[in-house]
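A.B. asks: Predicted model follows, preceded by the sequence.
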Amino acid sequence: MKAISLWQPWASLIALGLKRFETRSWPTSYRGPLLICAGQRKPQWNEARDVFWGLASRVENMVDWYMGLPYGKAVAVVDLASCIKIADHPIHDKLWREERAFGDFTPGRFAWELQSVQRVRPFPVRGRQRLFEVPDAEVYRHLGVDVEDRRMTPDTCERCGEDLRKEME
């Protein structure tokens with residue numbers, strides 16, 4: 001499965017369904033499932049300040065939420081539905097008020113439209129620049145789906161030993 005690494009808290013905003021557009025300086029022709037991975041780098045307050053102000057009305061305890069963010073792990077699978085050149089499209093009409101703080105929507109950049117968010121129990125993924133591949137079997141195990149017949153399977157992850165029967169956190 002194609003994957004992309006994002007810094008926190010932006011990766012978790014996608015997993016929560018609060019960030020529907022990922023903005024990049026480069027376009028992609030890829031469409032389909034995309035694994036969202038949180039990078040290992042922790043942002044400084046001044047880098048994420050606007051995000052936290054945008055979340056104030058949606059997250060009850062901001063400090064606990066921030067302290068519990070996963071790093072170096074996959075957090076969601078989405079469907080990459082489209083890639084919109086920001087100057088060519090009135091993208092701001094599609095954004096929630098708070099969502100404008102969750103990306104760089106300046107003209108000339110690209111907004112990747114993300115749909116059908118499925119949170120995954122966070123599991124370790126070594127991130128890379130641009131789009132990269134993560135084996136489908138690993139992703140589906142953490143979604144609780146058997147790769148061969150796509151049936152739900154309660155078991156443990158072969159790679160990390162995580163009990164996949166536990167409820168999502």
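C.D. replies: Yes, it's here.

A.B. asks: only C-alpha atoms for contact and neighbour calcs from this point on.
C.D. replies: OK.

A.B. asks: Just give the number of residues close to L143.
C.D. replies: Residue neighbour count, defined by other CA atoms under 10 Å, stands at 20 for L143.

A.B. asks: show me what contacts the nearest residue to it once chain neighbours are set aside?
C.D. replies: In this structure, L143 finds its nearest non-sequential neighbour in V120, 5.7 Å apart by CA to CA, 6 or more residues apart in numbering. Going by CA atoms under 8 Å, 6 or more residues apart in numbering, V120 touches 74-77, 142-143, 168.

A.B. asks: V120: which element?
C.D. replies: strand 110-124 (DSSP states H and E).

A.B. asks: That strand pairs with which strands, and in what direction?
C.D. replies: strand 21-24 (antiparallel), strand 73-85 (antiparallel) (DSSP bridges).

A.B. asks: right, and the ones you listed - which one's nearest R130?
C.D. replies: R130 lies closest to strand 21-24 among those, at 9.8 Å (CA to CA).

A.B. asks: which of the residues in that closest one are buried?
C.D. replies: Neighbour-count burial for strand 21-24, counted by 16 or more other CA atoms under 10 Å, picks out 21-24.

A.B. asks: Now tabulate these in CSV and tack on distance to F110.
C.D. replies: Output for these, formatted as CSV (distance: CA to CA, whole Å):
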residue, distance to F110
F21, 9
E22, 8
T23, 5
R24, 5
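
A.B. asks: got a pLDDT number for the residue nearest to L143?
C.D. replies: pLDDT, V120: 90.
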